[in-house]
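Novice: Have a look; sequence and predicted model below, questions after that.
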Amino acid sequence: PGAPPEDVEKLVTIPLEEEIRSVSGVKETESSSVEGISSIFVTIDPKTKDKRKVVDDVKNAVDRVKDLPDDAEDPDVLELETKEVPVLNVFLSGEMSEAELRGYAETLEDMFLDLDGVAKTAHIGWRDKQFWVELDPAKMADFHVSFDEVVAALASRNVTVPAGLLKTADLEFNVRTTAEFSKAEEILDVVVRANDAGNWVRIKDVAAVQNTFDDRTVFSHLNGQSAMGMTVYKKEGRDAIRTVNAVKEKIEEFKTFAPQDISVRIVDDMSFYVKRRLGVLSSNAVLGFFLVMLILFIFMDPIPAVATAIGIPSAMFLTFMTMNAMGMTVNVVSMIGLIIVLGMLVDDGVVIAENVFRYYESGLPPREAAVKGASEVTMAVVASVVTTWAAFMPLMMMSDIMGKFVRSIPIVVILALAASMVQAFFILPSHLADFLRPLKSGGIKRGERRWFKTLQDKYVQILNAFLEKRYFLLAGAIAFAVLVGYL
């Protein structure tokens with residue numbers, strides 16, 4: 001403690017870093033040496049399969065370094081878990097002493113930790129409790145007490161050591177000696193020196209003790225007052241919205257017995273953003289559904305249009321069921337995949353519904369038209385879905401950190417398209433067979449839409465022109481591709 005950065009780097013950081021670099025599976029290390037503190041950040045290679053073994057090897061490598069300075073504290077190895085996600089920050093402030101506010105903050109923290117969805121909390125602006133022993137040089141000279149004697153007396157008294165086992169006929173107990181200081185009075189009564197004549201020199205004879213906090217390095221304020229905050233982390237797989245709601249309920253419960261002058265404020269509520277993104281997905285789903293319905297009614301007859309549009313909620317429901325069975329949650333990344341695939345869910349349904357309705361128009365009974373129309377385009381629909389799968393599958397094969405981050409997108413797209421294909425092959429033909437009514441004789445003739453007939457005629461003219469000059473068109477396309485590639 002108190003060593004300059006140059007000494008920290010030379011005597012602590014470099015020996016530890018050299019030993020850590022020898023561990024297999026470590027991608028890179030980044031160190032920082034400041035006054036009295038050495039920090040080394042280790043990045044594990046994403047391609048490593050057994051990351052737990054790498055973490056254990058790093059801990060063993062740190063333990064192998066034995067030539068650290070005598071006054072250096074034992075190094076701590078902390079693993080940063082990305083599975084635990086912060087969901088909100090809670091700050092407390094009030095017109096009271098720091099010790100009193102600290103007590104209420106600890107009470108609120110215990111209430112949070114009792115919740116099933118909360119993994120842990122991290123402190124913001126909290127200072128560690130300390131006892132300051134302020135020696136009086138004049139009194140030390142009167143009692144002929146040295147600084148080393150005081151330090152040795154305090155170190156021998158402030159201990160927690162194991163004391164073995166206590167066994168009975170039925171039970172076994174772990175025994176340990178707990179003698180850590182908890183109050184200033186305990187320190188004042190520590191004996192520094194004693195003799196056979198019964199003369200005692202205690203800490204209170206040569207020093208004063210203050211119950212205080214360490215130096216402030218982080219300043220936290222709420223409404224102009226000094227505050228204490230904590231970041232609440234949710235457990236893996238737990239719902240962020242439910243966890244935040246449970247935390248808010250605990251805050252309201254805390255306010256019922258806390259002093260009126262204590263202010264509790266929630267900051268950086270992540271559930272707000274989750275709700276907003278869910279709202280985006282819901283609004284996109286609703287808007288997309290009605291837009292698809294509108295487009296289907298424009299280009300298709302009412303019955304196949306409605307039957308096809310029903311495929312959107314059906315496919316989404318099957319997708320959510322499969323995601324839940326696979327342990328996937330609706331988060332930011334998975335919602336991106338759902339929004340991407342939303343417009344693709346009716347593609348195969350449109351093809352099947354139109355083909356079924358074509359046979360129905362020719363006079364086939366609804367059930368026979370459904371079977372024949374769906375089976376006829378099976379290979380084409382499967383091919384269209386599989387080619388889309390193939391476009392997204394490379395995202396699943398990325399092995400770096402970004403690959404793991406975006407892996408949910410292709411999985412959701414593939415699941416949703418698979419669900420839409422199931423819906424198009426089994427549910428849609430059944431709906432069409434039930435919705436369509438048998439024709440009396442000779443089939444029906446679909447009414448022509450004038451604007452669509454005009455568009456169709458124009459398309460035929462353009463297509464014929466392209467076919468007549470296909471070689472010129474091909475040469476132009478190649479030239480354009482070369483030009484684009486050159487630019």
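Specialist: It's in.
Novice: nearest spatial neighbour of the residue positioned nearest the centre of the chain, skipping sequence neighbours?
Specialist: Nearest to the geometric centre of the chain sits V85, at 4.6 Å (CA atoms, centre = their mean). Spatial nearest neighbour of V85, excluding adjacent residues (CB to CB, 6 or more residues apart in numbering): K234 at 5.6 Å. In short, each C-beta sits where N, CA and C put it, glycine included.
Novice: Same question for P5.
Specialist: Sequence neighbours aside, S33 is the residue nearest to P5 in space, at 4.9 Å (criterion: CB to CB, 6+ apart).
Novice: isn't the one you found right next to P4, touching?
Specialist: No - in this structure, S33 is not within contact of P4 by CB atoms under 8 Å, at 9.3 Å.
Novice: Between those two, point out the one with more neighbours.
Specialist: Here S33 and P4 are compared on neighbour count by other CB atoms under 10 Å; more neighbours surround S33, at 21 against 12.
Novice: Okay, buried residues for the host helix or strand of the more buried one please.
Specialist: For S33, the host element (DSSP states H and E) is strand 26-34. For strand 26-34, the neighbour count (16 or more other CB atoms under 10 Å) marks V26, T29, S31, S33 as buried.
Novice: Now do the phi/psi pair for the residue nearest to V85.
Specialist: phi -90, psi 160 (degrees, to the nearest 10).
Novice: again, but for A258
Specialist: Torsion angles at A258 (phi, psi; degrees, to the nearest 10) stand at phi -80, psi 150.
Novice: Find the residue closest to it in space, skipping its chain neighbours.
Specialist: Spatial nearest neighbour of A258, chain neighbours left out: Y104 (5.9 Å); criterion: CB to CB, 6+ apart.
Novice: Confirm that the one you found sits in a helix.
Specialist: Yes - according to DSSP: H, G, I helix; E, B strand; the rest coil, the state of Y104 is that of a helix.
Novice: how many other residues sit next to it?
Specialist: For Y104, the count of nearby residues is 19 (other CB under 10 Å).
Novice: OK, contacts around it?
Specialist: L92, G94, A258, P259, I262 (CB atoms under 8 Å, 6 or more residues apart in numbering).
Novice: Count the residues that sit near the nearest residue in space to V332 that is not next to it in sequence.
Specialist: Excluding the flanking residues, the one nearest V332 by CB to CB, 6+ apart is R277, at 5.9 Å. The number of residues packed near R277 is 16, by other CB under 10 Å.
Novice: With the one 10 residues further on instead?
Specialist: As a burial measure, the neighbour count of L287 was computed by other CB under 10 Å and equals 11.
Novice: Which strands and helices lie in contact with the helix or strand harbouring it?
Specialist: Assigned by DSSP H and E, L287 falls within helix 270-299. Secondary-structure packing of helix 270-299 (3 or more CB pairs under 8 Å, 6 or more residues apart in numbering; DSSP states H and E): strand 85-93, helix 240-255, helix 302-309, helix 311-325, helix 332-341.
Novice: To A370, which of these lies closest?
Specialist: Smallest distance to A370 across these (CB to CB): 10.0 Å, for helix 302-309.
Novice: Now do the buried residues in that closest one.
Specialist: Of the residues in helix 302-309, those buried (16+ other CB under 10 Å) are I303, P304, A305, V306, A307, T308, A309.
Novice: Which one of those residues is nearest to V145?
Specialist: A309 (89.7 Å).
Novice: My guess is the closest one contacts L291. True?
Specialist: No - judged on CB under 8 Å, A309 makes no contact with L291 at a distance of 10.2 Å.
Novice: can I get the helices and strands packed on helix 270-299 in a markdown table with mean pLDDT?
Specialist: Shown next, in a markdown table, are the helices and strands packed on helix 270-299 (pLDDT from 0 to 100):
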| stretch | mean pLDDT |
| --- | --- |
| strand 85-93 | 88 |
| helix 240-255 | 91 |
| helix 302-309 | 83 |
| helix 311-325 | 87 |
| helix 332-341 | 80 |
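Novice: can you put those in JSON lines and add distance to L455?
Specialist: What follows is the helices and strands packed on helix 270-299, written out as JSON lines (distance: least, CB to CB, whole Å):
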{"stretch": "strand 85-93", "distance to L455": "51"}
{"stretch": "helix 240-255", "distance to L455": "47"}
{"stretch": "helix 302-309", "distance to L455": "18"}
{"stretch": "helix 311-325", "distance to L455": "26"}
{"stretch": "helix 332-341", "distance to L455": "28"}
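Novice: what about these, which gets the closest to W451?
Specialist: With CB to CB as the yardstick, what comes closest out of the helices and strands packed on helix 270-299 is helix 302-309 (17.1 Å).
Novice: List of residues touching stretch 253-271?
Specialist: Contacts of stretch 253-271 (CB under 8 Å, 6+ apart): 85-96, 101, 104, 107-108, 111, 222-223, 225, 229, 240-241, 243-245, 248, 251.
Novice: Report the buried residues of that stretch.
Specialist: F254, A258, I262, S263, V264, I266, D269, M270, S271.
Novice: Need the CA coordinates for it. PDB is fine.
Specialist: What follows is stretch 253-271, C-alpha atoms only, in PDB (Å, rounded to 0.1, in the frame of the first residue of the first chain):
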ATOM      1  CA  GLU A 253     -42.000  -1.800   1.800                       C
ATOM      2  CA  PHE A 254     -38.700  -0.200   3.000                       C
ATOM      3  CA  LYS A 255     -40.300   3.300   2.900                       C
ATOM      4  CA  THR A 256     -43.000   2.100   5.300                       C
ATOM      5  CA  PHE A 257     -40.500   1.900   8.200                       C
ATOM      6  CA  ALA A 258     -37.600   4.100   7.100                       C
ATOM      7  CA  PRO A 259     -37.400   7.700   8.300                       C
ATOM      8  CA  GLN A 260     -39.300  10.300   6.200                       C
ATOM      9  CA  ASP A 261     -36.100  12.200   5.400                       C
ATOM     10  CA  ILE A 262     -34.500   9.300   3.500                       C
ATOM     11  CA  SER A 263     -35.000   9.600  -0.200                       C
ATOM     12  CA  VAL A 264     -34.800   6.500  -2.400                       C
ATOM     13  CA  ARG A 265     -34.400   7.000  -6.100                       C
ATOM     14  CA  ILE A 266     -34.300   4.500  -9.000                       C
ATOM     15  CA  VAL A 267     -31.800   5.300 -11.800                       C
ATOM     16  CA  ASP A 268     -31.000   3.500 -15.000                       C
ATOM     17  CA  ASP A 269     -34.000   1.200 -15.000                       C
ATOM     18  CA  MET A 270     -33.200  -1.400 -17.700                       C
ATOM     19  CA  SER A 271     -36.800  -2.700 -17.600                       C
END
